[in-house]
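Peer 1: give the three-dimensional model of this entry:
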Amino acid sequence: MVKINEDYCFSPHFPYEEIDWEDSARLLDAFRDRIMGFYLEPARTVALMADNSGLFASTLLCAAAVEAIARYTGTKKSGSNGIAAWLEQWVPCFKEASPDGSKKSLADLFDSYFRNGLAHNALVKSLGQVTTEIAHPVQVQDGKVSVNPVALVEALITGFQNHLAEIGSKRSERESFRQRIVAHFQREIESLSRLALVTAYNPAIH
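Peer 2: Residues are numbered from 1 along each chain as shown. From the prediction side, this is the model:
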């Protein structure tokens, strides 16, 4: 968790103490603030560093954001952690087929080459590139996959906002989202409540 001005925060503008875990609409606002404030806005800032030294870091932040969004919204794909499934659904250019003729999409390759490569091996696998020399978030050049983190951040923000709008428009989806968030963060809530830092919350009695 993040501590800001003595508050233990779910997101930059939502301390745990002020969150109503029963209010799905308010939780959506807090989740938007969490993903934008802790992931996508920093990814945008880093991607725009003048010497391009932040391109790797920005790409990894983008991947972490997508993984978090997919996890907390229940977006899944067989054999995947959700990154590929979410990208295919909300960032259309990632639906394009892999250049190797396999059944994989560019979203699958982003997950494998960029997310896994940068997170676990400190490199982009299979000669993939991060560059600002392409116009689109992802593009195949000479059989290799390239990602533009500057364009990627903007595409992710658009997809994320569209996804939240869809969740917010359907009561059943809002409630499913609320239950998933509570389940994921229940341990943190319990730990903070034992220290009297937040009000205790027990979903079993609500």
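
Peer 1: C-alpha from now on. contacts and neighbour counts both.
Peer 2: Fine.

Peer 1: distance of residue 117 relative to residue 59?
Peer 2: Using C-alpha to C-alpha, to the nearest Å, we find residue 117 at a distance of 11 Å from residue 59.

Peer 1: settle it for me: which of those two has more neighbours?
Peer 2: Per other C-alpha atoms under 10 Å, whichever of residue 117 and residue 59 has more neighbours is residue 59, with 26 against 18.

Peer 1: so that one makes contact with residue 43?
Peer 2: Yes. Taking C-alpha atoms under 8 Å as the definition, residue 59 is a contact partner of residue 43 at 7.4 Å.

Peer 1: can you read off the pLDDT for the residue nearest the centre of the chain?
Peer 2: By C-alpha atoms, centre = their mean, the chain has its centre lying nearest to residue 65, at 2.0 Å. We have a pLDDT of 98 for residue 65.

Peer 1: so who does it touch?
Peer 2: 35, 39-40 (C-alpha atoms under 8 Å, 6 or more residues apart in numbering).

Peer 1: quick one: which of those residues is nearest to residue 175?
Peer 2: Using C-alpha to C-alpha, residue 35 comes nearest to residue 175 of the contacts of residue 65, at 19.1 Å.

Peer 1: what is the burial count for the closest one?
Peer 2: Neighbours around residue 35, by other C-alpha under 10 Å: 22.

Peer 1: before we move on, which element is the residue nearest to the centre of the chain in?
Peer 2: Applying DSSP states H and E as the criterion places residue 65 in helix 55-73.

Peer 1: circling back: state the distance from the residue nearest to the centre of the chain to residue 115.
Peer 2: Distance from residue 65 to residue 115, by C-alpha to C-alpha: 11 Å.
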